[in-house]
Every structure is written in C-alpha cells, then in structure tokens.
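In: I need the structure of the sequence given here:
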Amino acid sequence: MQTALSHFHTSSRKPGSPEQVEAMRRKWFIASKEQRQKREEMEERAEDTFIDLAIAATIATEAQIEAFNRKLDTYDEATVRALMENQEALDAVQAEIDDMLSRAHKLEDGRRVFKTEDGRRVFDEHGNELDQLVVDPESISDQAPTWESFDASVSTLGELKIERQEIFQYQEKLDAVREHASSGEITEDELAELEADLDGRMPPAVQRQLPDYEPTQETSLTSDFMATARDVAISTVAPAQAPVTPGLGQ
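Out: Alright, predicted model coming up:
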C-alpha cells in the first residue's frame with residue numbers, strides 16, 4: 001500500500017524522461033496538424049457549398065420573367081379553348097342522351113328501358129338489368145335505341161365531366177403560379193421548376209390547344225367524340241324519329 005502511494009506521488013511530480021517528453025511533444029504536434037487540416041477542409045467545403053448555393057440562387061431577370069409570363073398567357077388561352085371544346089362535347093352528348101331517353105321504351109312505372117343489340121337482355125336507364133318477367137325484350141321496338149349506344153353515351157358524359165374538372169384544376173394552378181412568379185424575387189431554378197411542373201401536369205385537352213401541338217395516334221375522348229358529335233352540339237334539331245307503334249316505345 002505504501003509502495004503504491006509513493007509511486008503515485010512520484011509519477012505525479014515528475015514530468016518523465018526526455019524520451020517520454022519528446023514522444024508527447026510529437027504526439028501533440030501530429031494531433032494539432034491533423035486538427036488544422038480538418039478545419040481547412042471544412043472551410044473549403046463550406047466555401048464550395050456557399051458558391052453552389054449562390055449559383056443556384058441566381059435571381060431571374062426581368063426578361064426571363066416576362067418570357068415566362070408570356071408562356072403562362074399561352075397556357076391560359078389553351079385552357080380556355082379546352083373548356084369551350086369540352087362544353088361543346090358535353091352539350092352534344094347530353095343532347096344525344098336526352099334524345100335516346102325520349103325514344104326509349106317506357107315501363108308503367110315511368111322507367112325508360114333499353115334492350116341489347118342481340119335482343120336478349122334489357123337494362124333500365126340506371127344500368128339495372130331487368131328480368132324478362134318485368135319486361136319482355138320482344139315488346140321493345142327494334143327502332144328504339146339500344147342499351148349499348150345509351151351506355152356508351154352515358155360513359156362518355158361521365159368522362160367528359162372528369163376531363164372538365166381536370167381542366168379547372170389546371171387553370172387554378174396556372175393562377176397560383178402566375179401569382180407566385182410576380183410576387184417578388186424568383187430564381188432561375190424556381191422558374192424552371194414551375195415550368196416543368198406545369199408541363200408535366202397539363203391535361204391532354206389543354207395540350208391539344210397549344211400552337212405547337214402535334215397530333216399523335218393517341219387521341220383524347222373529347223377529340224374522338226367531337227369528330228362525330230360536333231354537328232349535334234351546334235344544331236338543336238332532334239333526329240328524325242321513326243313512327244311509334246301504339247304500345248311500343250312509350
């Protein structure tokens with residue numbers, strides 16, 4: 001016990017041999033050098049990061065913002081034209097549906113029904129299939145509109161309504177982007193990101209209205225329908241109706 005304490009006190013008082021002192025000095029020098037190198041590397045990385053951020057945050061010029069606003073004007077005009085075309089298609093298909101409903105076979109409870117092209121099945125206007133005990137397909141005139149034609153028009157109407165909602169949502173996005181672009185300083189990167197986002201989200205109905213649009217084999221629902229229904233949208237004259245045999249089609 002006494003020996004251990006004596007050794008402890010002796011070690012605490014003496015700095016060590018010259019060799020130990022030199023070894024400690026070298027160790028401190030190496031550690032100090034490594035620390036200085038790490039600090040210099042960190043400063044260099046921080047400077048590089050600052051430069052990168054400065055480059056990325058380059059403020060867009062007035063000319064760039066003006067060019068971007070002109071593009072927004074083009075997109076706005078295309079959106080308005082898309083809404084007009086969509087409305088024409090909606091009016092046309094709705095007129096077609098109304099016409100088919102007016103010529104459809106009516107049950108005693110007022111439901112309009114349609115038989116299939118093969119003459120074997122009957123559906124009401126809501127898409128419910130009816131048993132032959134409710135209505136015999138043979139009792140429905142062959143001159144009445146078929147279930148396939150009615151169902152196709154109803155499906156088209158639903159898809160046109162979805163397309164219209166997409167156009168409205170895109171129009172709202174255009175307004176938000178324009179407001180952001182004119183709110184103050186905006187960087188070139190932000191302009192590029194906004195433009196890419198607008199291009200990526202643009203509905204096909206709006207794309208077709210752009211000046212540089214090039215049609216492809218993939219056509220939208222609206223353009224396909226308008227090819228056959230535009231005349232219906234313009235004219236309010238109902239198609240000629242075949243004579244109705246008493247008890248049929250009513």
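In: what's the neighbour count on residue 30?
Out: 10 (other CB atoms under 10 Å). To be clear about C-beta, it is placed using only N, CA and C from the backbone, and glycine gets the same treatment.
In: which residues sit in contact with it?
Out: If you count contacts by CB atoms under 8 Å, 6 or more residues apart in numbering, residue 30 has none.
In: which SSE is it in?
Out: If you go by DSSP states H and E, residue 30 is part of helix 18-56.
In: tell me the helix or strand right after that helix.
Out: helix 62-103.
In: immediately after that next one, which helix or strand?
Out: strand 105-106.
In: give me the contacts around the helix or strand following that next one.
Out: From strand 105-106 onward toward the C-terminus, using DSSP H and E, the following helix or strand is strand 112-115. Outside strand 112-115, the residues that touch it by CB under 8 Å, 6+ apart are 100-101, 104-107, 121-125, 130, 135, 137, 140, 144-147, 150-151.
In: quick one: low-confidence parts of this structure?
Out: 1-16, 21, 29, 43, 45-57, 216-250 (pLDDT under 70).
In: point to the residue nearest the middle of the chain.
Out: By CA atoms, centre = their mean, the mean C-alpha position of the chain lies nearest to residue 201, the distance being 4.5 Å.
In: tell me which residues touch it, please.
Out: So residue 201 contacts 170, 173 (CB under 8 Å, 6+ apart).
In: got it, and residue 107?
Out: By CB under 8 Å, 6+ apart, residue 107 lies in contact with 113, 124, 134, 135.
In: likewise residue 58?
Out: So residue 58 contacts 187, 188, 189 (CB under 8 Å, 6+ apart).
In: rerun at 6 Å
Out: Contacts for residue 58 (CB atoms under 6 Å, 6 or more residues apart in numbering) come out as residue 188.
In: with the one 10 residues further on instead?
Out: If you count contacts by CB under 6 Å, 6+ apart, residue 68 has them with 181, 191.
In: please redo it, this time with the cut-off set to 10 Å
Out: 60, 177, 178, 181, 182, 186, 191, 192, 194, 195, 198 (CB atoms under 10 Å, 6 or more residues apart in numbering).
In: where's it relative to residue 185, distance?
Out: 14 Å (CB to CB, to the nearest Å).
In: distance of the residue nearest to residue 213 when sequence neighbours are not counted from residue 19?
Out: What sits nearest to residue 213 in space, not counting adjacent residues and going by CB to CB, 6 or more residues apart in numbering, is residue 207, at 5.9 Å. From residue 207 across to residue 19, the span is 82 Å (CB to CB).
In: these two: which has the busier surroundings?
Out: Neighbours were counted for residue 207 and for residue 19 using other CB under 10 Å; residue 207 has more, 16 against 8.
In: and that one, what does it touch?
Out: Applying CB under 10 Å, 6+ apart, we find residue 207 in contact with 75, 78, 82, 199, 213, 214, 220.
In: ok, the third one touching residue 213?
Out: What that stands for is residue 82. No: between residue 82 and residue 213 there is no contact under CB atoms under 10 Å: 11.0 Å.
In: give the residues shared as contacts by those two.
Out: In contact with both residue 82 and residue 213: 204, 206, 207, using CB under 10 Å, 6+ apart.
In: including distance to residue 38, could those residues go into a markdown table?
Out: Converted to a markdown table, those look like this (distance: CB to CB, whole Å):
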| residue | distance to residue 38 |
| --- | --- |
| 204 | 56 |
| 206 | 55 |
| 207 | 54 |
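In: alright, I will stop here.
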